[in-house]
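A.B. asks: here is a sequence together with a model predicted from it:
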Amino acid sequence: MAKTAPNLCFSPLNQNQNRKENFFKSQNGYFIHKPSSKTTLLSPFFSSCTPIQISVPPTKTIDYHVTEYNAKIFHSCQLGDLHNAMQLLCMSQKSELESKTFCSILQLCADLKSLKEGKKVHSIISSNDVVVDEALGSKLVSFYAACGDLKEGRRVFDKMAKKKVFLWNFMVSEYAKMGDFKESICLFKTMVEQGIKVDSYSFSCVLKCLAALGGLKEGECVHGYLLKLGFGSCNSVVNALIAFYFKGKRVESASELFDKLSDRDVISWNSMISGYVSNSFAEKGLEIFEEMLYLGIDVDLASIVSVLVGCANSGTISLGKAVHALAIKSSFERKIKFNNTLLDMYSKCSDLDGALRVFEKMDERSVVSWTSMIAGYTREGQSDGAIRLLQQMEKEGVKLDVVAITSILHACARSGLLENGKNVHYYIKANNMESNLFVCNALMDMYAKCGSMEDANSVFSRMAVKDIISWNTMIGGYSKNCLPNEALKMFAVMLKELKPDSRTMACVLPACASLAALERGKEIHGHIIRNGYSSDRHVANALVDLYVKCGVLGLARLLFDTISSKDLVSWTVMIAGYGMHGFGNEAITTFNEMRDAGIEPDEVSFISILYACSHSGLLKEGWRFFYIMRNDCNIEPKLEHYACMVDLLSRTGNLSKAYEFIEKMPIAPDATIWGALLGGCRIYHDVKLAEKVAERVFLLEPENTGYYVLLANIYAEAEKWEEVKKMREKIGRKGLRKNPGCSWIEIKGKVNLFVAGNSSHPQSKKIESLLKKLRRKMKEQGYFPKAKYALINADEKQKKMALCGHSEKLAMAFGLLNLPPSKTIRVTKNLRICGDCHEMAKFMSKETGKEIVLRDSNRFHHFKDGYCSCRGFW
């Protein structure tokens, strides 16, 4: 059986030995050299060094001059005096120096990383026709590798006629160290082809390289080859195989090898623990550790570190604390790697105090220590703590690395700390880190999540290299920041530069949903099907949301039913969809189905179901869910939940109860909550309460034009024109501007926009003619325009004229003129639909037999056969 070699694929191939001081003694014309205790590269070859033209027969005179130079050079090298050694070398007869003399100087050059002097030695060897034997050639190779010039080392290696397996392994290892795993594997193949007798070390190295490249098939071939050569029970080789299979996600194969291995060492156990942990089987890894302790196997630092990572991933802080105690007993507490892993374990288990105690006790901190603490604060949402650590790092002169920078940017993003994020950006610029792709992506993400898409785009436009994450960050950022058109434009540009992935689809679909751009959404849906992204749950959820928000609820439900593994988001999207379409009972049924499936609702799920109850007038059910949230699910209501309840009470006419509910809230109400009650006052024409509520709203959001307009509309509907005038003057004095009402409809992929009172559309005359015709028919059937919704102080004729120009009427009429009879008219409006337009839509659906789906700022209205799905709750 082949001899076992140490498993050190990524470590220097040298051996440390305790040796006595050098001395030189004349013996038959040779000088005996005993190496120093200093580590030497490729030391096994040292013993085979042969003198060159120095040894002479006893009958001849020895050239003591040459011998003296050998001795002096050796002595200078022993003292680390490279300058003197080089001077002596230049003064000597180079061709008569011993091979190991050159080896000594090259070793010293390697130790001192003196590439320049080592190259001079190489030049002297070449120019003086010194015979480069196996030992000297090996030393040259190792020198170049130690000085970072592996390319030159490879030239020497390739010229060598004879090379032992040790040198081949050295080269394989050196290429692996620099990350050139492909070249390592090529060298191994060359070894095999040239009939070099590979050893256990060769197999260990090549398996690690194949693991790094994910070469599972090639690795299996190597496995078969090593079994053929009899290395199947070699400890170091099996350990490498275990690590290889774990890296390739072949957990069962790794486990089988471990079970069959009789000669297990601590590396074998550690490979199993780290392998299970890295493959998301942390609990199994911890079980292996417990078995290891039970059998009395001595643990090392690698064992402790792997177990702590497992504790962090599984949230098993109790075992983590026990391991902490064990590590202290084993004297690992001063090891920086242990401390970094330990504080990371505490922070990931949400024990920041424990992490901080470890951090503060550390004698030595690396940038990893700081980064782990920053990441811990970020995970817990304590961005201020993360920022403080950043400032402390700068004070202590610790240079931030990429991980630290991205962690702190993530902290700023989570908390919306734009100014702090900009300060980090200044640091990035000052330290020339703007060219780093990861940093730029994190910067864009921070700006996007802080709502500054202009800054995000500035970073994006300056990037020399962009990856898929860069594009997705921008598209997703535009979508989330209510800039859907920009998101779609960016997506169109991306298609010319790069193939989108499933994450891109999940980012761009919300933009289509926001615009209710059904045709564009269908095109992207087709792209998803063609590229096989439908099984991605994020994409599936985004598709359901798209069709919900485009008013195609039936298709949304169909897609929802096809999701094989529904998560909380899937259910919540469907519940919210039913709610915004006015199908409260269906929303309740879906909510119950979700709980029956074993998925518990969160805060967002309860917002969705309470919203559904509000928009369907389900008061009793709304209260029931509110109590379930508090008492059964132990979720403390937030402002959004209270807003839903106030909205529910207000829409069902319980204005006084809504006011009392707000007064008894345990947290201070915001403008949204008071605004919900103000909206109820408009529905039920309670001017007195509206004035009282408006005072509260104006104090909380004095710059929000919408609330001033809402109160003005309440006055206008009550025909209190003096009060309307005062409100409009107040709006003017504050310099506030009302968002103009606009509606849009998508036909053949083109979005047609209509603004109230604007007659610039090419078909405006046809639209006006159709609306007049419909008005006439409505009047014949006993319907008269509700002039109060004109909200202007004018005579009846002027009010009717104003009502005719409302944007949603223009968009619906355009749809009637341009869509085929079987096609549903889908209109989106940026504001709440007015009462007169609502009545007109019902009449249109009855008169023309066409279904009209109108999405306003509050909800969906499905008009069919003269009825609306809202049943008056809008």
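C.D. replies: Perfect, thanks for sending it. Numbering: from 1, shown residues only.

A.B. asks: for the chain, what spans make up the strands?
C.D. replies: Secondary structure of the chain (DSSP state E): strands at 26-27, 30-31, 742-747, 750-755, 825-829, 852-855, 860-864, 867-868.

A.B. asks: and the pLDDT at the nearest residue to residue 556 once chain neighbours are set aside?
C.D. replies: The shortest distance from residue 556 to any non-neighbouring residue, by C-beta to C-beta, 6 or more residues apart in numbering, is to residue 547 (3.8 Å). For glycine as for every other residue, the C-beta is placed from the backbone atoms N, C-alpha and C. Looking at residue 547, its pLDDT reads 96.

A.B. asks: go on, residue 5?
C.D. replies: pLDDT, residue 5: 37.

A.B. asks: with the one 5 residues further on instead?
C.D. replies: Predicted confidence (pLDDT) at residue 10: the value is 33.

A.B. asks: got it, and residue 67?
C.D. replies: Per-residue confidence (pLDDT) for residue 67: 75.

A.B. asks: please apply the same query to residue 99.
C.D. replies: Residue 99 is assigned 88 on the pLDDT scale.

A.B. asks: can you tell me how far residue 222 sits from residue 761?
C.D. replies: 72 Å (C-beta to C-beta, to the nearest Å).

A.B. asks: between these two, which one's more packed in?
C.D. replies: Comparing residue 222 with residue 761 by other C-beta atoms under 10 Å, the one with more neighbours is residue 222, at 24 against 17.

A.B. asks: pLDDT below threshold where in the stretch 51-200 of the chain?
C.D. replies: Residue ranges of the stretch 51-200 of the chain with pLDDT under 70: 51-66, 94-95.

A.B. asks: go again with 50.
C.D. replies: The model of the stretch 51-200 of the chain has pLDDT under 50 over residues 51-64.

A.B. asks: where along it do the helices fall?
C.D. replies: For the stretch 51-200 of the chain, the helices defined by DSSP state H, counting those that start in this stretch cover 64-79, 82-91, 99-111, 115-127, 134-146, 150-159, 165-177, 181-193, 200-213.

A.B. asks: reformat those helices as JSON lines; add mean neighbour count and distance to residue 458.
C.D. replies: Listed next are those as JSON lines, based on neighbours: other C-beta atoms under 10 Å; distance: least, C-beta to C-beta, whole Å:
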{"stretch": "helix 64-79", "mean neighbour count": "18", "distance to residue 458": "57"}
{"stretch": "helix 82-91", "mean neighbour count": "17", "distance to residue 458": "52"}
{"stretch": "helix 99-111", "mean neighbour count": "25", "distance to residue 458": "48"}
{"stretch": "helix 115-127", "mean neighbour count": "16", "distance to residue 458": "42"}
{"stretch": "helix 134-146", "mean neighbour count": "26", "distance to residue 458": "44"}
{"stretch": "helix 150-159", "mean neighbour count": "16", "distance to residue 458": "40"}
{"stretch": "helix 165-177", "mean neighbour count": "22", "distance to residue 458": "39"}
{"stretch": "helix 181-193", "mean neighbour count": "18", "distance to residue 458": "38"}
{"stretch": "helix 200-213", "mean neighbour count": "25", "distance to residue 458": "37"}
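
A.B. asks: CSV for the ones you listed, including distance to residue 315?
C.D. replies: Putting those into CSV (distance: least, C-beta to C-beta, whole Å) gives the following:
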stretch, distance to residue 315
helix 64-79, 56
helix 82-91, 55
helix 99-111, 47
helix 115-127, 50
helix 134-146, 44
helix 150-159, 44
helix 165-177, 35
helix 181-193, 34
helix 200-213, 28
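
A.B. asks: of those, which is nearest residue 574?
C.D. replies: Of all the helices of the stretch 51-200 of the chain, helix 200-213 sits nearest to residue 574, with 42.8 Å by C-beta to C-beta.

A.B. asks: where does this structure dip in pLDDT?
C.D. replies: Low-confidence segments of the chain (pLDDT under 50): 1-64, 787-804.

A.B. asks: quick one, what contacts residue 865?
C.D. replies: Counting by C-beta atoms under 8 Å, 6 or more residues apart in numbering, residue 865 touches 845-846, 849.

A.B. asks: next one: it relative to residue 773, how far apart?
C.D. replies: Distance of residue 865 to residue 773, given as C-beta to C-beta: 20 Å.

A.B. asks: go on, residue 719?
C.D. replies: As defined by C-beta to C-beta, residue 719 lies at a distance of 30 Å from residue 773.

A.B. asks: try residue 663
C.D. replies: Applying C-beta to C-beta, the value for residue 663 to residue 773 is 51 Å.

A.B. asks: what of residue 317?
C.D. replies: From residue 317 to residue 773 the distance is 74 Å (C-beta to C-beta).

A.B. asks: those two: which is more packed in?
C.D. replies: It is residue 317, of residue 317 and residue 773, that has more neighbours when counted by other C-beta under 10 Å, with 18 against 12.

A.B. asks: do I have it right that that one meets residue 308?
C.D. replies: No: using C-beta atoms under 8 Å, residue 317 is not in contact with residue 308, being 10.7 Å away.

A.B. asks: find residues that contact each of the two.
C.D. replies: Residues touching both residue 317 and residue 308 (C-beta under 8 Å, 6+ apart): residue 345.

A.B. asks: ok, residue 342 touching residue 308?
C.D. replies: Yes: with contacts counted by C-beta under 8 Å, residue 342 reaches residue 308, the gap being 5.9 Å.

A.B. asks: tally of neighbours for residue 760?
C.D. replies: Using other C-beta under 10 Å, residue 760 has 7 neighbouring residues.

A.B. asks: can you check the one 5 residues further on too?
C.D. replies: Applying other C-beta under 10 Å, we find 10 residues neighbouring residue 765.

A.B. asks: try residue 723
C.D. replies: Residue 723 - counted by other C-beta under 10 Å - has 17 other residues nearby.

A.B. asks: which ones are touching it?
C.D. replies: Shown in contact with residue 723 (C-beta under 8 Å, 6+ apart): 712, 715.

A.B. asks: state the distance from it to residue 701.
C.D. replies: Per C-beta to C-beta, residue 723 is found 20 Å from residue 701.

A.B. asks: how far away is residue 407 from residue 134?
C.D. replies: From residue 407 to residue 134 the distance is 50 Å (C-beta to C-beta).

A.B. asks: the helices in the stretch 451-600 of the chain, which residues?
C.D. replies: Listed from the start of the chain, the stretch 451-600 of the chain has helices (DSSP H, counting those that start in this stretch) covering 453-462, 468-480, 484-497, 502-515, 518-530, 537-549, 553-562, 568-580, 584-596.

A.B. asks: quick one: closest of those to residue 330.
C.D. replies: Each of those has some distance to residue 330 by C-beta to C-beta; the shortest is helix 468-480, at 41.3 Å.

A.B. asks: same for the closest one, what does it pack against?
C.D. replies: Applying 3 or more C-beta pairs under 8 Å, 6 or more residues apart in numbering; DSSP states H and E, one finds that helix 468-480 makes contact with helix 437-449, helix 453-462, helix 484-497, helix 502-515.

A.B. asks: okay if I get those helices as JSON lines plus distance to residue 682 and mean neighbour count?
C.D. replies: Output for the helices and strands packed on helix 468-480, formatted as JSON lines (distance: least, C-beta to C-beta, whole Å; neighbours: other C-beta atoms under 10 Å):
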{"stretch": "helix 437-449", "distance to residue 682": "35", "mean neighbour count": "24"}
{"stretch": "helix 453-462", "distance to residue 682": "34", "mean neighbour count": "17"}
{"stretch": "helix 484-497", "distance to residue 682": "29", "mean neighbour count": "16"}
{"stretch": "helix 502-515", "distance to residue 682": "26", "mean neighbour count": "24"}
